[in-house]
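Student: Show me how the following folds:
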Amino acid sequence: MTREPSRRAFLQTSSAAAVAGALAAPLGLPSLLRGAPASGKLKIGLISAATYGYMGAPRTQGSNHGTAFATACNGYDEAKRKQFEGTFVAAQKRIEGAHVVKIWDPNKKSAERLADVCGIPTVCDSADECSDGVDAVAIPDDGSGEHWKYALAPLRKGVPTFCDKPLAMTAKQAKEVAAAARKAGTPLMSASALRFVPDVIALAKEVPSLGKIHLATTICGNELVYYGIHALELAYAVLGRGAVSCLNVGQPGRNIVRVRFESGRDLLLMVAEREWMRAGYQKPLWHQRLANPDAQFDRALLVSARPLPRPRPHEEGEPADRGGGRSHRRAGGRQTLAGRETRSDRRRSAAMSSNGGSNFIRGHRLPAPDGP
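Tutor: Alright, predicted model coming up:
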């Protein structure tokens, strides 16, 4: 029986994927690898990576993303890791072309402890110092929603910068970061790891063969800006850029956002907090079948990433399923559409369950709608 994946297991692979993507994406940090030192190692400064505090909560030692980024580049000492107190996610894959040589965190003692475990030679006294003498800077998500501020100094110095998702909590803040990068001509990247999930990449390659896509939906759980970026990243990775307006017609904690693209396509972004929806990600695309323009049905393509853990139990007296959570994840993380699952789908799902990837189910026809 396949065990349901945990958030920790997801992070062990997805954080490494994010780092690898940052080092391999055509518009991000990757071009630096071609101009790396003769040693072949890109020198990275890691900023605000040793502690975590979600949206104003006190920062505690350890960080899902910070430790995953550090271990993906540097590896770690297993004996010292066991002595590390706090959250520690050891990446399952190594990025051989990069090495973290500097680290800074608001809590210097925590930075020193992480540096000791991962063999980071220099612990800096300031974020600004951490961007000196390095080839690039990585700023993991530290939970504050304020980590975008740390990107300004390296960008203005001309140091290529990866700023973890979400880039900022407001459009004004995000524009300030983008403006600093443009003014200095410095490479800047911010992304969700879901952009680099193999099946998301595969689906994006299939899009041209589908014809015109009129409507798409993308879904995830938790807070709109902080976690909704994952669902929105799925849409951008598959459909491309071009959003021109957003309209949220949901309720507090239950967001239903219509995102309109310049092409006229509408994307429905649904993000609900834990009281209303179980976490996980999915993305169906709807389009008219080109082979028969008069056909009165659509075809759906669904890509679903690894689900996150179950939310906390509902309060006594609440209905067991308030947000349709069970419909978002069934059979150990596999998604089915209209109750149909092919043998190849099952093989693919079993393979993905064993290697920490995602599931990709496609090609199911839906019933014809009533009326003309």
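
Student: where along the chain do the helices fall?
Tutor: 7-22, 31-34, 64-74, 78-83, 108-118, 127-130, 149-157, 171-184, 198-206, 224-239, 325-328, 343-355 (DSSP state H).

Student: Least reliable of these by average pLDDT, please.
Tutor: Within those, confidence is poorest for helix 325-328, with a mean of 34 (mean pLDDT).

Student: For Val137, grab the count of nearby residues.
Tutor: For Val137, the neighbour count with other Cβ atoms under 10 Å is 26. For glycine as for every other residue, the C-beta is placed from the backbone atoms N, C-alpha and C.

Student: ditto for Gly158
Tutor: One way to gauge burial is a neighbour count; for Gly158, by other Cβ under 10 Å, it gives 12.

Student: What separation is there between it and Thr186?
Tutor: Using Cβ to Cβ, to the nearest Å, one gets 5 Å for the distance from Gly158 to Thr186.

Student: repeat for Asn248
Tutor: 33 Å.

Student: more crowded one of these two?
Tutor: More neighbours surround Thr186 than the other of Asn248 and Thr186, with 17 against 13 (other Cβ under 10 Å).

Student: Once you drop chain neighbours, what's closest to Pro166?
Tutor: Nearest-residue entry for Pro166: Ile229, 4.6 Å, with adjacent residues in sequence omitted and distances by Cβ to Cβ, 6 or more residues apart in numbering.

Student: Neighbours of that neighbour, how many?
Tutor: Ile229 has 21 neighbours, counted by other Cβ under 10 Å.

Student: from memory it sits against Asp164, does it?
Tutor: No - checked against Cβ atoms under 8 Å, the pair Ile229 and Asp164 is beyond contact range at 10.0 Å.

Student: can you give me the strands for the stretch 201-350 of the chain?
Tutor: In order along the chain, the stretch 201-350 of the chain carries the following strands (DSSP state E, counting those that start in this stretch): 213-221, 243-248, 254-261, 266-272, 281-288, 298-305.

Student: mean confidence for the first one?
Tutor: The average pLDDT within strand 213-221 is 91.

Student: Which other helices and strands does it contact?
Tutor: Secondary-structure packing of strand 213-221 (3 or more Cβ pairs under 8 Å, 6 or more residues apart in numbering; DSSP states H and E): helix 224-239, strand 266-272, strand 281-288.

Student: Could you dump those into CSV and include distance to Gln173?
Tutor: Putting the helices and strands packed on strand 213-221 into CSV (distance: least, Cβ to Cβ, whole Å) gives the following:
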stretch, distance to Gln173
helix 224-239, 11
strand 266-272, 20
strand 281-288, 25
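
Student: quick one, which of these is nearest to Ser192?
Tutor: Among the helices and strands packed on strand 213-221, the nearest to Ser192 by Cβ to Cβ is helix 224-239 (3.8 Å).

Student: Helix 198-206 and the closest one, what's the angle between them?
Tutor: Here helix 224-239 runs at 50 degrees with respect to helix 198-206, directions being taken by axes from the mean of the first three to the mean of the last three Cα atoms, to 10 degrees.

Student: All good on my end, thank you.
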